[in-house]
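Visitor: give me a model of this one.
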Amino acid sequence: MNVLVIGSGGREHALAWRLNRSASVAKVFAAPGNPGIAREAVCVDGSDYLSIAAANGIDLTVVGPEAPLMDGVVDQFHDAGRAIFGPCRAAAQLEGSKIFSKQFFERYQIPTARFIAAYSLDEALKALDSFTAPVVLKADGLAAGKGVVIPQTMDEARTTVAQFMAGELVGDAGRKLVIEEFLTGEEVSFIALSDGANLVPLLPAQDHKNIFDGDRGPNTGGMGAYVDERILTPAEIDLVMKTVMRPAIDGMAREGSPFVGFLYAGLMMTAGGPKTLEFNVRMGDPETQPLLYRLRSDLGAVLHAGATGKLAGVTLDWSPEPSVAIVLAAAGYPGKVRTGDVISGIDDAEATGATVFQAGVKRSGDALVTSGGRVVAVTASGATLPSAIDAAYRAATHVKFDGMQFRADIGKKGLRRW
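Guide: The predicted structure is shown next:
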């Protein structure tokens, strides 16, 4: 079959890369893609995805980023009778509105932090009186991974609330807020496939959100991730499926919007069990890169089964080797990003056995140059987590561009489990 991947980032590069290695897939297309994706797929300009699918004989479309989902691309494909893997607009509210998702957690007893929804500056400032620092502030709308701030003092919290409500931090996405208690524990990314009724879990992963080592500095879209079965025990995975994932799928079905696609739960593993920080309605970035690096199953066949309601009985086959993705970010990220810096060394990095998934990259003549905050994710595996970390960092030394930023501690939290 022919498969279309919607998107242009590192997540979409990983999807195209794995789909291009699937026996069920004849040809991969991407809209709009990027230079790395162009090595795996036919890249097509434009955002009329339905017309692109019709013109290229697409049998299955896979949506990478969240924005097209919130815009209703899945609803358009369903109306046209075309197979697509992703949630409808109504189900995509689980990510598109933090207030909707937190209230959904309440309705279906999904464990989460105590919260108050605030629709005005006065409501937000009053709500702060019932919390102590540190406190978590979340923009209600989509904010490209930059909508969460954790002030360390209440004075800082009041200032940040005012900035959110004035549209200074993430624009209109922050004019409504979720204010919630700060949880302690270890964060885990837990993603499962759903066809609206059945669930197939992926391996647990761990992202690294802050820009600097030791989880310091402002939040980013993610500076690296690793995949290792030791992140969660089998009992913990069962508990997450029972208390978080299954209630979410059943709840969306009950509300008349069955969830089809990737359901991503950002979890905090607290002393009292897993608490749900947020839901995303697509694969994570950079978790997708190390996850699909390890996947052995035919991704095209699995996603087609998901899009057509046939995930019952499907299981996934994985490489036994842990995998690690190191994000190399541009100068200024996560603030004002500098672009146009020449990138070198990608081929040399891949000659070590790693794969470099491209994100904020474009062509300028014969050169590759930076075009976004997170530029590439250098991804590798190894027989053990320590060896996978070494392989990824060794490969990353070959990639160079002015102003490059990266964390030197990706995967370090996992080492104590070895």
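
Visitor: shouldn't T276 be within a helix?
Guide: No. Under DSSP: H, G, I helix; E, B strand; the rest coil, T276 sits outside any helix and is assigned strand.

Visitor: what sits against it?
Guide: Applying CB atoms under 8 Å, 6 or more residues apart in numbering, one finds that T276 lies in contact with 105, 110-112, 244, 265-267. In short, each C-beta sits where N, CA and C put it, glycine included.

Visitor: tell me, how many neighbours does the spatially closest residue to it that is not a sequence neighbour end up with?
Guide: Distance criterion CB to CB, 6 or more residues apart in numbering; nearest residue to T276, sequence neighbours excluded, is T112 at 4.6 Å. Here the number of neighbours of T112 (other CB atoms under 10 Å) works out to 23.

Visitor: so T112 sits right up against F104, yeah?
Guide: No. Using CB atoms under 8 Å, T112 is not in contact with F104, being 9.6 Å away.

Visitor: among the contacts of T276, which are in helices?
Guide: When those are checked against helices using DSSP state H, the ones located there are F105.

Visitor: distance to S364 and pLDDT for the contacts of T276 - can I get that in JSON lines?
Guide: Supplementary listing: the contacts of T276 in JSON lines, determined by distance: CB to CB, whole Å; pLDDT from 0 to 100:
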{"residue": "F105", "distance to S364": "45", "pLDDT": "97"}
{"residue": "I110", "distance to S364": "46", "pLDDT": "98"}
{"residue": "P111", "distance to S364": "48", "pLDDT": "98"}
{"residue": "T112", "distance to S364": "45", "pLDDT": "97"}
{"residue": "V244", "distance to S364": "44", "pLDDT": "98"}
{"residue": "A265", "distance to S364": "39", "pLDDT": "98"}
{"residue": "G266", "distance to S364": "36", "pLDDT": "97"}
{"residue": "L267", "distance to S364": "41", "pLDDT": "98"}
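
Visitor: between the contacts of T276, which is closest to G81?
Guide: Distance to G81, by CB to CB, is smallest for A265 among the contacts of T276, at 31.1 Å.

Visitor: who's in contact with that closest one?
Guide: Taking CB under 8 Å, 6+ apart, we find A265 in contact with 189-191, 240, 244-245, 248, 276, 278-279.

Visitor: ditto for A90
Guide: The neighbourhood of A90, defined by CB under 8 Å, 6+ apart, consists of 255-257.

Visitor: helices of the stretch 301-418 of the chain, start to end?
Guide: For the stretch 301-418 of the chain, the helices defined by DSSP state H, counting those that start in this stretch occupy 346-351, 385-396.

Visitor: pLDDT below threshold where in the protein?
Guide: Counting by pLDDT under 70, the chain contains no low-confidence segment.

Visitor: which parts of the stretch 1-150 of the chain are helices?
Guide: 10-19, 49-55, 66-70, 73-79, 93-96, 98-107, 121-128.

Visitor: show me what the fifth one is packed against.
Guide: Packed against helix 93-96, as judged by 3 or more CB pairs under 8 Å, 6 or more residues apart in numbering; DSSP states H and E, are the following elements: helix 66-70, helix 98-107, strand 273-280.

Visitor: export these to JSON lines and tack on distance to V5?
Guide: Conversion of these to JSON lines gives the following (distance: least, CB to CB, whole Å):
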{"stretch": "helix 66-70", "distance to V5": "11"}
{"stretch": "helix 98-107", "distance to V5": "26"}
{"stretch": "strand 273-280", "distance to V5": "17"}
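
Visitor: quick one: closest of these to D207.
Guide: Counting by CB to CB, D207 lies closest to strand 273-280 out of the helices and strands packed on helix 93-96; the figure is 11.0 Å.

Visitor: what residues are up against the residue nearest to T276?
Guide: For T112, the contact set (CB under 8 Å, 6+ apart) comprises 102, 105-106, 180, 275-277.

Visitor: greatest separation within the residues you listed: which pair is it?
Guide: Of all pairs drawn from the contacts of T112, the greatest distance, 14.8 Å, lies between E106 and L277 (CB to CB).

Visitor: have a look at those two and say which one is more surrounded.
Guide: Using other CB under 10 Å as the criterion, E106 and L277 rank with L277 on top: 18 against 11.

Visitor: ok, and the closest non-adjacent residue to the more buried one?
Guide: Take L277 and drop its neighbours on the chain: the residue closest to it by CB to CB, 6+ apart is G266, 4.2 Å away.

Visitor: I figured the one you found hits S189, correct?
Guide: Yes. G266 sits in contact with S189 when judged by CB under 8 Å, with a separation of 6.2 Å.

Visitor: which one's more surrounded, these two?
Guide: Of the pair G266 and S189, S189 is the one with more neighbours under other CB under 10 Å, namely 24 against 19.

Visitor: which non-adjacent residue is nearest the more buried one?
Guide: S189's closest residue in space is A205 (CB to CB, 6+ apart), at 4.4 Å.

Visitor: over to V399?
Guide: If you skip the residues right next to it in sequence, V399 has G345 as its closest partner in space, 4.5 Å away by CB to CB, 6+ apart.
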